[in-house]
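**Student:** Sequence and computational prediction follow.
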Amino acid sequence: MNKNVDIRDFVESEGTVESLWQLSEGTASGKTFEDLMSLNRKIDAIQRRRSVRNRIIGVFSAVAVLAGVVVATYSLTKDVYNKSLPVYIQKVTAYGDTASVRLPDGTLVAMNAGSSLIYPDKFADDTRTVFFTGEGNFSVAKDPDHPFIVKTAWMDVKALGTRFCIQSYSEERTVRTTLEEGRVQVAFPSLKEKSFILDPDTQIAFTPSDSTIALFHVNAEKVALWEQGYMVFNSASFQEIVSRLERKYGVSFVYDAAKAAGRAFNLRFTPEETLSESLDVLTWLVPHSRYRISGNKVYYFFQ
């Protein structure tokens, strides 16, 4: 993508895919997914400073940019390969929304708010590879000859036929994989030759900032309860909790990050709880704290 183009131009404009294509250099490399993840993080940072309506506009602009990248990749390879190449599709869920996607092999992906899934219209290789950011529950169709691989910005999850949950939001300090059924292999590209085999009810957490890895025994069914409107946290930071609340209720939090650092929480919010009720629980867990809601902003204070 043309490095001279400000990404905010895409977020704020309503240009067509063709106009975005005119700004593309038409090149693709092994860094394509890394560039896409960087792009998503830039868009997310801009979205979090805007209203919910503008966030949704930014999501659709990101889809348009992705379409330009896909067209560029196809244009470069169509003369090299005689066989028909798959077309890549991106599914995005806006803040406050969830969605379910049935992949070509029958795998079902439930996507939480603020998530993005890139997948082909057909799996034509030895592996079934998709790209994901956000939170999703994966029910993988069994096919021992074609492992199913989910690539995120910080970890790769490989499975044959199983159920697992991925939490990999760009703005959260920790990414997680939780296994509900079967077995998966979790690898971290930034840590060479570092991979783990998970058993059911095991969660692996990776913090990219210091490359730390932790394993937890959890109730995987409870972790996946977000599909029913629950929010379940295990050793979660204050930032992780408010990030989920932002996505669910379409609000932005303003707080002192330094005072929030070093805190870890185990808690669950029910589907019936309002934003105020969820915040009441949080203030009960954080002594001498309080909050104020003004429009779509939540001001949280520590003493």
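**Tutor:** Happy to help now that I have it. Numbering: from 1, shown residues only.
**Student:** Distance check, the closest residue to S139 other than its chain neighbours against A141.
**Tutor:** Among residues not flanking S139 along the chain, L108 sits closest, at 4.4 Å (CB to CB, 6 or more residues apart in numbering). To be clear about C-beta, it is placed using only N, CA and C from the backbone, and glycine gets the same treatment. According to CB to CB, to the nearest Å, L108 stands 8 Å off from A141.
**Student:** Okay, and W284 sits in which element?
**Tutor:** Element membership of W284, judged by DSSP states H and E, is helix 275-285.
**Student:** ugh, wrong one, I meant I204
**Tutor:** strand 202-207.
**Student:** Just checking: what are the partner strands of that strand?
**Tutor:** Paired with strand 202-207 in the same sheet, following DSSP bridges, are strand 175-181 (antiparallel), strand 212-217 (antiparallel).
**Student:** Reformat those as JSON lines; add mean pLDDT.
**Tutor:** Formatted as JSON lines, the strands paired with strand 202-207 follow (pLDDT from 0 to 100):
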{"stretch": "strand 175-181", "mean pLDDT": "94"}
{"stretch": "strand 212-217", "mean pLDDT": "92"}
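**Student:** winner for burial among the ones you listed?
**Tutor:** Comparing the strands paired with strand 202-207 by mean neighbour count (mean count of other CB atoms under 10 Å), strand 175-181 ranks first with a mean of 23.
**Student:** Give me the residues contacting it.
**Tutor:** By CB atoms under 8 Å, 6 or more residues apart in numbering, the list of residues contacting strand 175-181 from outside reads 152-155, 157, 162-169, 184, 186, 198-206, 208, 218, 220-221, 223-224.
**Student:** Filter the residues you listed down to just the buried residues.
**Tutor:** When the contacts of strand 175-181 are checked for burial by 16 or more other CB atoms under 10 Å, the buried set is 152-155, 157, 162-169, 184, 186, 198, 201-206, 218, 220, 223-224.
**Student:** Quick check: beta-bridge partners of the nearest residue to V254 once chain neighbours are set aside?
**Tutor:** Nearest residue to V254, sequence neighbours excluded (CB to CB, 6+ apart): Y299, at 5.0 Å. Beta bridges link Y299 to V254, R292 when assigned by DSSP bridges.
**Student:** still on that earlier bit, show me the one of the strands paired with strand 202-207 that comes nearest L279.
**Tutor:** When these are compared by CB to CB, strand 175-181 sits nearest L279, at 23.7 Å.
**Student:** Please put the alpha-carbon coordinates of the closest one into CSV.
**Tutor:** Extracted as CSV, the C-alpha positions of strand 175-181 are listed here (Å, rounded to 0.1, in the frame of the first residue of the first chain):
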residue,chain,number,x,y,z
VAL,A,175,-4.0,-12.5,23.9
ARG,A,176,-5.5,-15.9,24.9
THR,A,177,-6.6,-19.2,23.5
THR,A,178,-9.0,-21.4,25.5
LEU,A,179,-9.6,-25.1,24.6
GLU,A,180,-13.1,-26.5,25.2
GLU,A,181,-12.9,-29.8,23.3
